[in-house]
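A.B. asks: Below is the sequence, then the predicted model.
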Amino acid sequence: MADTRVSATSGGERAGDARWVFLGRPLSSYLAEAVGSAWLVLAALTAVSVTMRADGSYLSSWPLTVRLAVVGAVVGGSVAVFSLTPPGKESGAHLNPAISLFMALRGVLGIGDLLAYCAFQLGGSVLGVYAARALWGDRVTTVHDGLIQPGASWGDSLVVVAGELLSTAALLWVLAAMTARPRPRSTPWVVAAAIAVLITTTGSRTGASFNPARNFGPHVVSGDYHLFWAYMLAPLAGALVAAAAAPAAHRTAWTHRVCCERDIHRYHRSQPPARHRLPSIPR
């Protein structure tokens, strides 16, 4: 890390803002990804701890589809909320190495940024598990630290890889459609809805991770590495598929951010075309 302060003007930052810089980008951007990933994992484990217990307490007696919908709403909502915060707007609120890889493939994130984003996201995931343990104690440990695993009849590794790959690709196609051009501030909520739908519909089969950072912390903290490689690599493969198969109109990203607020302002800098008025009639 460069032990100097510079004026960061890239990534939509205002000129004159002094920031600590790491790999050419303000360090605060990477720290935001760590904080956001910890927040995402904390929210996910909180939802899992009240819906997926084996003792029937809290919401765990509800039908599985309803419980998955609750988890999906919480996880998707946590992403949307963070993307609207100042740290989320600065980093782009990826919170997912697959999203960062997808943005790099679309040319709006450098290789150095990609590696740093992924490292901070994975580190934030571990912190999120420990934060959930500190807050909820046994509620989290009884659900195996929120570790995602496939359903009873879906444990084949090839099934997990295929499901995670396709789910990730579907999510990224939605994101590509929203970030290929300036979009309104509803973008985070559209992405949140896609996450919620995917978790509700695929959670009972593959576990619905489609995010290496979501499962990395639970794997490391619990010490259970069953299908670790599948949950880490399948979403990245999904990013490659999504980038290759995206419609031509969606292959170039307007922004690397999930929330496009600052880009909306830049988009509207140009003056609207002058309107032609009818000549006034003399009286």
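C.D. replies: Yes, it's here.
A.B. asks: any chance you could map the strands in this protein?
C.D. replies: Using DSSP state E, the strands found in the chain span residues 5-7, 18-22, 25-26.
A.B. asks: What mean pLDDT does the last one get?
C.D. replies: Looking back up the chat, that one is strand 25-26. For strand 25-26, mean pLDDT is 72.
A.B. asks: Next: the longest one.
C.D. replies: Predicted confidence along strand 18-22 averages 60 (mean pLDDT).
A.B. asks: where exactly do the helices run in the stretch 101-250 of the chain?
C.D. replies: 111-136, 138-141, 157-179, 187-202, 212-222, 228-245 (DSSP state H, counting those that start in this stretch).
A.B. asks: Just name the most buried of those helices.
C.D. replies: helix 212-222 (a mean of 25; mean count of other CB atoms under 10 Å). From N, CA and C alone the C-beta is placed, and that goes for glycine too.
A.B. asks: picking that back up, redo the helices of the stretch 101-250 of the chain as a markdown table? Include mean pLDDT and distance to Gly92.
C.D. replies: Output for the helices of the stretch 101-250 of the chain, formatted as a markdown table (pLDDT from 0 to 100; distance: least, CB to CB, whole Å):
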| stretch | mean pLDDT | distance to Gly92 |
| --- | --- | --- |
| helix 111-136 | 95 | 8 |
| helix 138-141 | 92 | 28 |
| helix 157-179 | 91 | 9 |
| helix 187-202 | 93 | 11 |
| helix 212-222 | 96 | 14 |
| helix 228-245 | 94 | 15 |
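A.B. asks: Including distance to Gly88, could those go into JSON lines?
C.D. replies: Formatted as JSON lines, the helices of the stretch 101-250 of the chain follow (distance: least, CB to CB, whole Å):
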{"stretch": "helix 111-136", "distance to Gly88": "13"}
{"stretch": "helix 138-141", "distance to Gly88": "24"}
{"stretch": "helix 157-179", "distance to Gly88": "14"}
{"stretch": "helix 187-202", "distance to Gly88": "8"}
{"stretch": "helix 212-222", "distance to Gly88": "15"}
{"stretch": "helix 228-245", "distance to Gly88": "20"}
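A.B. asks: Name the nearest residue to Gly217, sequence neighbours excluded.
C.D. replies: The shortest distance from Gly217 to any non-neighbouring residue, by CB to CB, 6 or more residues apart in numbering, is to Ser125 (3.4 Å).
A.B. asks: Identify the residues contacting that neighbour.
C.D. replies: By CB atoms under 8 Å, 6 or more residues apart in numbering, the contact list for Ser125 reads 37-38, 40-41, 213-218.
A.B. asks: Now the two most distant members of the residues you listed.
C.D. replies: Farthest apart among these by CB to CB are Ala38 and Asn215. That separation is 14.2 Å.
A.B. asks: now for the helices of the stretch 101-250 of the chain, which one comes closest to Val79?
C.D. replies: Between Val79 and the helices of the stretch 101-250 of the chain, the shortest gap by CB to CB is with helix 187-202, which sits at 5.7 Å.
A.B. asks: Output the closest one in PDB, but only the C-alpha positions, please.
C.D. replies: What follows is helix 187-202, C-alpha atoms only, in PDB (Å, rounded to 0.1, in the frame of the first residue of the first chain):
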ATOM      1  CA  THR A 187     -31.500  -0.800  -9.600                       C
ATOM      2  CA  PRO A 188     -30.500  -2.200  -6.200                       C
ATOM      3  CA  TRP A 189     -34.100  -3.200  -5.500                       C
ATOM      4  CA  VAL A 190     -34.400  -5.000  -8.800                       C
ATOM      5  CA  VAL A 191     -31.200  -6.900  -8.000                       C
ATOM      6  CA  ALA A 192     -32.600  -7.600  -4.500                       C
ATOM      7  CA  ALA A 193     -35.800  -9.000  -6.000                       C
ATOM      8  CA  ALA A 194     -33.700 -11.300  -8.300                       C
ATOM      9  CA  ILE A 195     -31.700 -12.600  -5.300                       C
ATOM     10  CA  ALA A 196     -34.900 -13.300  -3.300                       C
ATOM     11  CA  VAL A 197     -36.500 -15.200  -6.200                       C
ATOM     12  CA  LEU A 198     -33.400 -17.300  -6.800                       C
ATOM     13  CA  ILE A 199     -33.100 -18.200  -3.100                       C
ATOM     14  CA  THR A 200     -36.800 -19.100  -2.800                       C
ATOM     15  CA  THR A 201     -36.800 -21.200  -5.900                       C
ATOM     16  CA  THR A 202     -33.400 -23.000  -5.700                       C
END
